[in-house]
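1. Fold the following and give me the result.
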Amino acid sequence: MAIVVTLPDGSSRSLDEGATADDLAAAIGRGLAKAAVVAEINGEERELTTPLHDGDAVAIVTDTTDEGRYVIRHSTAHVLAQAVLDLFEGATFGIGPPIEDGFYYDFQLADGATFTPDDLDRIDARMREIIKEKQPFQRDEIPDAEAKELFAAHPFKLEIIEGTADDPMSATPGGLVRTYENPPDFIDLCRGPHVPDTGRLGHFKLTRVAGAYWRGDERNPMLQRIYGTAWESKQALEDHLERLEQARERDHRKLATELDLLSFPDELGGGLAVWHPKGGIVRKLMEDYSRQRHQDGGYEFVYSPNLARSTLWETSGHLDWFADAMYPPMETENGAYYPKPMNCPFHMLIFGSRQRSYRELPLRLFELGTVYRYERSGVLHGLLRIRGFTQDDSHIFCTRDQIQDELVSLLDFVISVLEAFGFDDFTASLSTKPEGKAVGSDEEWDEATEALRRALEVRELEYEVDVGGGAFYGPKIDIHVRDAIGRHWQLSTLQVDFQLPERFGLDYIGPDNHPHRVSVIHRALFGSVERFFGVMLEHYAGAFPAWLAPVQARVLGVRDDHERHAAKVVEKLQAAGFRADTMDADEPLGSRIRKAKLEKLPYILVVGDDDVAEGTVGVNPRGGEVERGVSVEDFIERLAAEVESHS
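-> Presented below is the predicted three-dimensional model:
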């Protein structure tokens, strides 16, 4: 007896009764069968060994897709866990999810022991033995009581079974506990799916060990987290490792130290930075450019304090919905004060400080406002995840009818500014209502979400929908950029908000002389100045374009008797508004040029006998050919054009 299944292109395929998803892949073609990882059956991902039924809609998930790689990494994490439990007597395990480009697993070793670098080699070797054994991944669902008995020696798994700890990889419906077994000795809690057997794996590398508190809480035990990466082929793995090496060389924390831009002193505490003069120059240029663009765009500049009474955060809803990210209050004689996590409520107060007319709308308020958010120490990461940062925050107060045009205009504004800083590859995500963590009616959320969607489509910006990813008061668009080595970064954000105006009672007087509730668009362009700086530093690998470089040109005399001419060239450059300096000729010229190149300066100007006589310089551009005998005036003209074009 035959069954008929439907394929993604709408075609159908006839199979023998009892055929599996693996059989379907083989029937379609040898290449597909080799690349198959799991199958999507009637919208649910299942193992390739799953029997098919008449009428099923089936899609084969291959190893070069994001979904396929996710399964490969998830399955490799199980192999990692088995290897560790095999090698370390008394070890227990927590959770082990796939993550972007890789996976990790958390362990606790007996007697407080920790992993060493040599241990990773031992674990790697054991993992490869497990892979050669081609152990099957066998799915089962068992009652809670049986699961507790099975995992009695593993307290973190018991917490997951009892529901006191969350594991996104273990959640299963129906009150049963789903497990995956790799016979003869390993079993784990897991919702799956997995590859058919461990032999389907093998292109992996364990990358590092880190500490991680159980459930992300420093009051809980510190576990040992092993990170790794896994891919579908040797070449894909090698390409990724090469990207990792590039990323290490571009790490903004490393570059910030080498280029003397900023630092993270221990005395400050985690997640806080101090900016050195060279980093301060770049930051000032960023902020000055932002201020000028906002001024040209019709924005009004405002300022707000760094803390406010609890009543403000009660009105805004932050104490109801955002308290976990806020610092504890400071108790004073007239109440509790919180460091501000957002600038929004202050701008609401500015709008509400007097009666407003529809003739004032849209009213665009702009502030470079520093905010403070509590981040757990385990997630801090240089400037990219930080506790105190400055947002280039705008709030556009407008009528309902003005929202659409404002959003389209804002997207154009955002893209043009990002392009000025060297980014030219953009995508977007549209984040919708977070169920159970939002205020406002479904109708309001639908209206706001649709306005954002239409703006993306008018702008013809590619986007994905992030279901449930919106803020508690409204949906949002996040703009993502791709950097020089292909990584994607979320930067700018736009949100449509009907809720804060309601909570603050913000009205304007319309042409009918009656009050109407105003609407608000929230917009952060850089996202945060600090994070944007970190992303930009990695994008350029520290080699800032001339308009942003802390030092745009260094003038070097060949010998000490050329220093006077070098100093005069510096004076001319500085008089023309450029950032230039010189170095005394107390080291050989080659050594001084090498030092300047390590600082990634856009231009090194060399002056010798002929230059002194002719009033010229030798121009050594970063990454370009050396040019001799260029007049100082010509160089100034060229540099001015380069800076003006932001190239």
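2. Please count neighbours and contacts with C-alpha atoms only from this point.
-> Fine.
3. And the helices in the stretch 401-550 of the chain?
-> With DSSP state H, counting those that start in this stretch as the definition, the stretch 401-550 of the chain shows helices at residue ranges 403-420, 442-458, 499-504, 529-540.
4. so which of those helices is the most packed in?
-> A comparison of the helices of the stretch 401-550 of the chain by mean neighbour count, using mean count of other C-alpha atoms under 10 Å, puts helix 529-540 on top with a mean of 21.
5. can you list contacts of it?
-> When contacts are defined by C-alpha atoms under 8 Å, 6 or more residues apart in numbering, helix 529-540 is touched by residues 247, 250-252, 255, 283, 287, 383-385, 389-392, 421, 483-485, 489, 491, 526, 543-544.
6. ok, back up a step: quick one, which of the helices of the stretch 401-550 of the chain gets closest to Leu80.
-> helix 529-540 (31.4 Å; C-alpha to C-alpha).
7. would you put the C-alpha positions of the closest one in CSV?
-> Included here for helix 529-540 are C-alpha records, laid out as CSV according to Å, rounded to 0.1, in the frame of the first residue of the first chain:
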residue,chain,number,x,y,z
VAL,A,529,27.5,55.6,21.2
GLU,A,530,29.7,53.1,23.0
ARG,A,531,28.4,50.0,21.2
PHE,A,532,28.5,51.8,17.8
PHE,A,533,32.1,52.8,18.4
GLY,A,534,33.0,49.2,19.3
VAL,A,535,31.3,47.8,16.1
MET,A,536,32.9,50.5,14.0
LEU,A,537,36.4,49.9,15.5
GLU,A,538,36.1,46.2,14.6
HIS,A,539,34.7,47.0,11.1
TYR,A,540,37.7,49.2,10.3
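8. Relative to the whole chain's centre, how far out is the helix or strand following it?
-> The C-terminal neighbour of helix 529-540 among helices and strands, as given by DSSP states H and E, is strand 553-557. Its chain's C-alpha centre and that of strand 553-557 lie 38 Å apart, by C-alpha atoms, centre = their mean, to the nearest Å.
9. Convert the longest helix seen in the chain to PDB, retaining C-alpha atoms only.
-> Counting residues, the longest helix in the chain under DSSP state H turns out to be helix 66-87. This file holds the C-alpha atoms of helix 66-87, laid out as PDB (Å, rounded to 0.1, in the frame of the first residue of the first chain):
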ATOM      1  CA  ASP A  66      20.700  27.600   9.300                       C
ATOM      2  CA  GLU A  67      18.200  25.100  10.500                       C
ATOM      3  CA  GLY A  68      20.500  22.200   9.500                       C
ATOM      4  CA  ARG A  69      23.500  23.700  11.100                       C
ATOM      5  CA  TYR A  70      21.500  24.300  14.300                       C
ATOM      6  CA  VAL A  71      20.800  20.600  14.500                       C
ATOM      7  CA  ILE A  72      24.400  19.600  13.800                       C
ATOM      8  CA  ARG A  73      25.500  21.900  16.700                       C
ATOM      9  CA  HIS A  74      22.900  20.700  19.000                       C
ATOM     10  CA  SER A  75      23.800  17.000  18.300                       C
ATOM     11  CA  THR A  76      27.500  17.800  18.700                       C
ATOM     12  CA  ALA A  77      26.800  19.400  22.200                       C
ATOM     13  CA  HIS A  78      25.300  16.000  23.200                       C
ATOM     14  CA  VAL A  79      28.500  14.300  22.100                       C
ATOM     15  CA  LEU A  80      30.500  16.800  24.200                       C
ATOM     16  CA  ALA A  81      28.400  16.100  27.200                       C
ATOM     17  CA  GLN A  82      28.900  12.300  26.800                       C
ATOM     18  CA  ALA A  83      32.700  12.700  26.400                       C
ATOM     19  CA  VAL A  84      33.000  14.800  29.600                       C
ATOM     20  CA  LEU A  85      30.900  12.400  31.700                       C
ATOM     21  CA  ASP A  86      33.000   9.600  30.400                       C
ATOM     22  CA  LEU A  87      36.300  11.200  31.200                       C
END
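10. moving C-terminal of it, what's the next helix or strand?
-> Next along the chain after helix 66-87, taking DSSP H and E as the criterion, comes strand 92-93.
11. Listing request: residues of the protein with sub-threshold pLDDT.
-> Along the chain, the model assigns pLDDT under 70 to residues 164-175.
12. 50 instead?
-> In the prediction, the chain carries no residues with pLDDT under 50.
13. Now do the SS call for the residue of it most remote from its centre.
-> When each C-alpha in the chain is compared with the mean C-alpha position (C-alpha atoms, centre = their mean), Ala613 comes out farthest, at 53.9 Å. Ala613 carries the three-state label helix when classified by DSSP: H, G, I helix; E, B strand; the rest coil.
14. Restricted to strands, list the contacts of helix 529-540.
-> Mapping the contacts of helix 529-540 onto strands (DSSP state E) picks out Phe389, Thr390, Gln391, Asp392, Trp489, Leu491.
15. does the nearest residue to the fourth one once chain neighbours are set aside sit in a helix or strand, and which one?
-> The reference is to Asp392. The shortest distance from Asp392 to any residue that is not its chain neighbour, by C-alpha to C-alpha, 6 or more residues apart in numbering, is 4.6 Å, and that residue is Leu368. Per DSSP H and E, Leu368 falls inside strand 363-372.
16. Mind listing what's buried along that strand?
-> For strand 363-372, a neighbour-count test (16 or more other C-alpha atoms under 10 Å) marks Leu363, Arg364, Leu365, Phe366, Glu367, Leu368, Gly369, Thr370, Val371, Tyr372 as buried.
17. what's the answer for stretch 479-490, then?
-> Within stretch 479-490, the residues scored as buried using 16+ other C-alpha under 10 Å are Ile479, His480, Val481, Arg482, Asp483, His488, Trp489, Gln490.
18. OK, contacts around the fourth one?
-> It refers to Arg482. Shown in contact with Arg482 (C-alpha under 8 Å, 6+ apart): Phe423, Asp424, Asp425, Phe426, His488, Trp489.
19. Could I get those residues in a markdown table, plus columns for distance to Lys34?
-> Listed next are those as a markdown table, based on distance: C-alpha to C-alpha, whole Å:
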| residue | distance to Lys34 |
| --- | --- |
| Phe423 | 38 |
| Asp424 | 37 |
| Asp425 | 34 |
| Phe426 | 34 |
| His488 | 30 |
| Trp489 | 33 |
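20. what's the closest of these to Leu237?
-> After measuring the contacts of Arg482 against Leu237 - C-alpha to C-alpha - the closest member comes out as His488, at 18.8 Å.
21. picking up where we left off before, could you pick out the buried ones from the contacts of helix 529-540?
-> The buried subset of the contacts of helix 529-540 - by 16+ other C-alpha under 10 Å - is 247, 250-252, 255, 283, 287, 383-385, 389-392, 421, 483, 489, 491, 526, 543-544.
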